[in-house]
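In: Below are the sequence and a predicted model for it; my questions follow.
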Amino acid sequence: MKLMIASLVTSVLLLSGCGQEKTTETIETKQENVVWRLAETWGPNFPIFGDATKNMAKMVDEMSNGRFKIRIDSSNKHKSALGIFDFVRTGQYEMGHSASYYWKGKDIETLFFTTLPFGMTTAEQYAWFYHGGGMELMKETYDKYGIMSFPGGNTGNQMGGWFRKEINTLEDLEGLKMRIPGFAGEVLAKLGAKPTNIPSAELYTALERNTIDALEWVGPSLDLRMGFHKIAPYYYTGWHEPATELQFMVNQTAFDKLPKDLQQILTVAMKTAAYDMYTQSTHESAVNLATLQDEYPNVKIRSFSKEIMNAIKAENDKLLVEFAAANPQSKKILDSIASYQKKAREWTNFSDRAYLDNFDAK
């Protein structure tokens, strides 16, 4: 009898062990490795912008213990710097890194999620995205294409551009061939300029060969290493992109197939990489501005005249009204931006501006 009981217990334990092995196999099956590809607008090893994608992929790899890897294809690999929207929409790539205002030809609503002339500062804009309804509005815009869009790193306030000749009057803008994308290009076109968009890898050559007369790129953080100061000695302060936000784009179908923990890991990694890019850009701008002032005395830093700025602001306001009147969703987005900016700017003036004014007064 004791022998029979012992045999029975042994059988149960063996059966339990078999069940445990199956459970372990099931868990391991659920945790199969995931490999995605990301297409970026930038060239290989492009500083700051490219660092953001590498940092994001590294965090995803580490936080997932190697279960989730993201391989990055730069523009030299996929051969279409401004084709990222379609790459992600069709699922050719699961992810992309670019800037939303590049897609205005596909959907005008995408224009508003990078920055606007005379718009919010970086801090104000991030607050709008995450607490003021910006993310929800961006979702409404990109849902139509099966794309998820996330903030992908901010350059901070960008410079007004590099010019071969000094810009003193509105007449100097007439016929000016300038690389300037997005909303700002629309504004300058109203004043007689001829805006165009050229991928970053082609900018220096276009300026050198007189294909364009002027260009804006980013600011000291990136402009100095591009060599524009060797050709165009006039460097103007900014107005057009006070808080230029890049974007991570994710194919919705691919995202939905991820396990919940990998979805969360990806979301956190993108948000962290975006913030890291902003701090890196701020640091590099400070360092490179000092270098520019110390080592390149031929560069003349200027600000546009009151006449020019007033004309630009007036055309910008008219254009905003036109966009809002033409498209109900554009109006909804622009109303949200204007309302939030008014609210946030009160605090910015009360805090940062007052502090800086007082500090400068000393």
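Out: That came through fine.
In: what stretches of the stretch 1-150 of the chain score poorly on pLDDT?
Out: 1-31 (pLDDT under 70).
In: Residue 178 - that's part of a helix, no?
Out: No - assignment of residue 178 by DSSP: H, G, I helix; E, B strand; the rest coil gives strand, placing it outside any helix.
In: Please name the bridge partners of it.
Out: With DSSP bridges as the criterion, residue 178 is bridged to residue 195, residue 214.
In: Verify the stated contact: it with residue 160.
Out: No - the criterion here is C-beta atoms under 8 Å, and residue 178 misses it with residue 160 at 10.3 Å. Just so you know, the C-beta spots here come from the backbone N, C-alpha and C atoms, and that holds for glycine as well.
In: out of those two, which sits in the busier spot?
Out: residue 160 (24 against 21; other C-beta atoms under 10 Å).
In: Spatially, which residue comes closest to that one, not counting chain neighbours?
Out: residue 236 (3.5 Å; C-beta to C-beta, 6 or more residues apart in numbering).
In: Got the phi and psi for the one you found?
Out: phi -100, psi 140 (degrees, to the nearest 10).
In: That one contacts residue 161, doesn't it?
Out: Yes - contact criterion C-beta under 8 Å: residue 236 and residue 161 qualify, at 5.6 Å.
In: quick one: contacts for residue 158?
Out: Residues in contact with residue 158 (C-beta atoms under 8 Å, 6 or more residues apart in numbering) are 216-219, 238, 240-242, 244.
In: Out of those, which is nearest to residue 36?
Out: residue 244 (25.6 Å; C-beta to C-beta).
In: Need the contact partners of stretch 78-93.
Out: Residues outside stretch 78-93 that contact it (C-beta under 8 Å, 6+ apart): 36-42, 73, 75, 94-98, 102-103, 106, 145-147, 197, 199-201, 249-251, 253-254.
In: and if we set it to 6 Å?
Out: Residues from elsewhere that reach stretch 78-93, judged by C-beta atoms under 6 Å, 6 or more residues apart in numbering: 37, 39, 41, 75, 96, 98, 102-103, 145, 147, 199, 249, 251.
In: most neighbours, which of the residues you listed?
Out: residue 96 leads the contacts of stretch 78-93 on contacts (other C-beta under 10 Å) with 29 neighbours.
In: Show the subsequent helix or strand relative to the host helix or strand of that one.
Out: Remark: residue 96 resides in strand 95-98, with elements defined by DSSP states H and E. On the C-terminal side of strand 95-98, the closest following helix or strand by DSSP H and E is helix 122-131.
In: before we move on, back to that, neighbouring strands of the strand holding residue 96 in the sheet, and parallel or not?
Out: Going by DSSP bridges, the partners of strand 95-98 are strand 34-40 (parallel), strand 245-251 (antiparallel).
In: did I read that right, residue 150 in a strand?
Out: Yes - counting by three-state DSSP, residue 150 is found in a strand.
In: if I pick the residue positioned nearest the centre of the chain, what's in contact with it?
Out: The centroid of the chain falls nearest to residue 246 when counting by C-alpha atoms, centre = their mean (0.3 Å). Going by C-beta under 6 Å, 6+ apart, residue 246 touches 99, 152-153.
In: Including neighbour count and distance to residue 185, could those residues go into TSV?
Out: Listed next are the contacts of residue 246 as TSV, based on neighbours: other C-beta atoms under 10 Å; distance: C-beta to C-beta, whole Å:
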residue	neighbour count	distance to residue 185
99	24	13
152	25	21
153	28	22
